[in-house]
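> sequence plus predicted model, see below.
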Amino acid sequence: MILPFYQKYKPFYTDNLRLAIPIVVSQLGHTLVNMADSIIVGHFAGTIPLAAVSLVNSIFMLILVIGLGISYGLTPLIAQEHGRKNNVECGKLLSNSLVINFSTSVILYLFIHFGTLSIIDHMGQSKEVVAQAKPYLTYLGLSIIPLMVFQTFKQFAEGLGFTKQAMYISVWGNVLNIVLGIIFVKGLFGIAPMGVKGVGLSTLIDRTIMALVMSFYVLRSKYFKAYISEFKLFDLDRLRAGKIFKIGAPVAMQYAFEISAFSGAAILIGTIGTVQQAAHQVAINLAAVTYMLASGIASAATIKTGNNFGKQAYPELRKSAIASYHVIIAFMSLTALLFVFANSYLPFIYTEDDAVIRIAAQLLIIAGFFQLFDGTQVVGLGVLRGIGDVNIPTLITFIAYWLIGIPLGYFLGITMKIGVNGIWYGLTVGLLTASVLLFLRFQNKTRSLLISN
């Protein structure tokens, strides 16, 4: 029974994993930046600075995923045109994506500078935490500009199936970020200790270098000459820009609804106490690592789905998508077991504060339970994105996280006084809702494609 089932999907497992693994490593880079910042600050600066990192990351992640979502609008279009062997169109799409992403990054930075930094004093957070959070947020805000340039060329290359180069750049970028972060925070080699501000500066430098290297690679490599013959720097065409934005904007909203739910949870937890906020940062950081791994598999699913959709190979599209579901279920089952059985040990990666470790260990057990839901919902979004279905999935994410997850978390955590655990229970129910509804949407859309063929 199992062997015929495995043989049916084996070619798709192989293809998907070959494409997904480099994307997973590259996607992981975004989370590892935050993870490295948390580890460095937690060990070298203390609990209050770690709470400051938690507050900033909860705010910045929302802004970051809006930018990332906009940039993801390019990938399925490139994959579809590649499937149609329309190489010239790929270069024109790249030009428009660069304009959109750069403009978006500037708007996001201005929002941080004139908006978030002004209201952070009025969010009910500890004054000591806010004082250390502000300079860190300033540097992270600036880093969104080079990050979006990097994303433009990364999504273009990945849409064509070139996934390893962004992986290598992300790996070396994270090594640089860690080295510079330790130097700046501790104050080595004659540099005055910068505290939390140091990890912000290291992130800005790291992302600037990554943007330069990735753009140089795409524009100079022989592999892309056939695709960028019509590429023009900052060339905007209303029709193509509209196509990118029609996918990118809903994707940004999808990510924003989920991440803002966790950001909202962090702010709610911050009103409970600093120790709870630091513990939330530890647990959510570990959960974010597995989420970004799942997001990498989802990005590969988007590319394969878009490619098959462009070729009108609908049976292969459905089998490939189902294979992605199998892969994510297997992977997230392992991470769930890791969180549950190593819940008392994993927090030591970030801190030695016993109070923080005790609460974080409880949250990791809850995180273990929502691993499958988190993985399957992000793969569902990725597959649907590949066929250009983004509007209904966006509505689903809004309902799941903001009409169910956060209200339930507030009720359990604040009203019923269960505390931080209650807020996480609400988030878990939100993820379950999104996972089920997106899977039903996937089944409906892909079966319709088979019937229409």
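Now that the structure is in, tell me what you want to look at.

> rest of the way, CA atoms for contacts and neighbours
Fine.

> what packs against the strand or helix carrying Ile78?
Assigning secondary structure by DSSP states H and E places Ile78 in helix 74-83. Counting contacts by 3 or more Cα pairs under 8 Å, 6 or more residues apart in numbering; DSSP states H and E, helix 74-83 packs against helix 87-111, helix 127-159, helix 238-270, helix 274-311.

> just put these in JSON lines and tack on mean neighbour count.
Below are the helices and strands packed on helix 74-83 laid out as JSON lines (neighbours: other Cα atoms under 10 Å):
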{"stretch": "helix 87-111", "mean neighbour count": "21"}
{"stretch": "helix 127-159", "mean neighbour count": "23"}
{"stretch": "helix 238-270", "mean neighbour count": "22"}
{"stretch": "helix 274-311", "mean neighbour count": "26"}
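
> got a pLDDT number for His326?
As predicted, His326 sits at a pLDDT of 90.

> picking up where we left off before, ok, and what's touching the helix holding Ile78?
Residues from elsewhere that reach helix 74-83, judged by Cα atoms under 8 Å, 6 or more residues apart in numbering: 87, 89-90, 93-94, 97, 152, 155-156, 158-160, 244, 248, 302-304, 306-311, 385-388.

> that older thread, and the helices and strands packed on helix 74-83 as TSV, adding distance to Phe224 and mean pLDDT?
Shown next, in TSV, are the helices and strands packed on helix 74-83 (distance: least, Cα to Cα, whole Å; pLDDT from 0 to 100):
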stretch	distance to Phe224	mean pLDDT
helix 87-111	9	87
helix 127-159	8	82
helix 238-270	20	81
helix 274-311	17	83
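
> export the ones you listed to a markdown table and append columns for distance to Leu334.
Listed next are those as a markdown table, based on distance: least, Cα to Cα, whole Å:
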| stretch | distance to Leu334 |
| --- | --- |
| helix 87-111 | 36 |
| helix 127-159 | 27 |
| helix 238-270 | 23 |
| helix 274-311 | 10 |
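
> out of these, which comes closest to Arg18?
Evaluated with Cα to Cα, the helices and strands packed on helix 74-83 place helix 274-311 nearest to Arg18, the distance being 9.1 Å.

> tell me what that closest one is packed against?
helix 2-44, helix 47-71, helix 74-83, helix 238-270, helix 314-341, helix 354-386.

> winner for burial among those?
Of all these, helix 74-83 carries the top mean neighbour count, a mean of 27, counting by mean count of other Cα atoms under 10 Å.

> may I have that helix exported as PDB, CA atoms only?
Only the C-alpha atoms of helix 74-83 are listed here, as PDB (Å, rounded to 0.1, in the frame of the first residue of the first chain):
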ATOM      1  CA  LEU A  74       7.600  38.400  -9.400                       C
ATOM      2  CA  THR A  75       8.400  34.700  -8.900                       C
ATOM      3  CA  PRO A  76       5.200  32.900 -10.100                       C
ATOM      4  CA  LEU A  77       5.100  35.300 -13.200                       C
ATOM      5  CA  ILE A  78       8.800  34.400 -14.000                       C
ATOM      6  CA  ALA A  79       8.000  30.700 -13.500                       C
ATOM      7  CA  GLN A  80       5.000  30.900 -15.800                       C
ATOM      8  CA  GLU A  81       6.800  32.800 -18.600                       C
ATOM      9  CA  HIS A  82       9.700  30.400 -18.300                       C
ATOM     10  CA  GLY A  83       7.300  27.500 -18.700                       C
END
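
> assign Val344 to helix, strand or coil.
One correction, residue 344 is Ser, not Val. Ser344 carries the three-state label coil when classified by DSSP: H, G, I helix; E, B strand; the rest coil.

> look up how far Leu338 lies from it.
To Leu338, Ser344 is 11 Å away according to Cα to Cα, to the nearest Å.

> what does Tyr136 give?
For Tyr136, the distance to Leu338 - Cα to Cα - is 31 Å.

> what number of residues lie near Ser221?
Under the neighbour criterion other Cα atoms under 10 Å, Ser221 is assigned a count of 10.

> before we move on, the earlier item: tell me the mean pLDDT over the helix holding Ile78?
81.

> got the angle for it vs helix 274-311?
20 degrees (axes from the mean of the first three to the mean of the last three Cα atoms, to 10 degrees).

> now helix 74-83, how far from the centre of its chain.
Computed by Cα atoms, centre = their mean, to the nearest Å, the chain-centroid distance of helix 74-83 equals 20 Å.

> now the angle from that helix to helix 238-270?
Going by the same axes, to 10 degrees, helix 74-83 is angled at 140 degrees with respect to helix 238-270.
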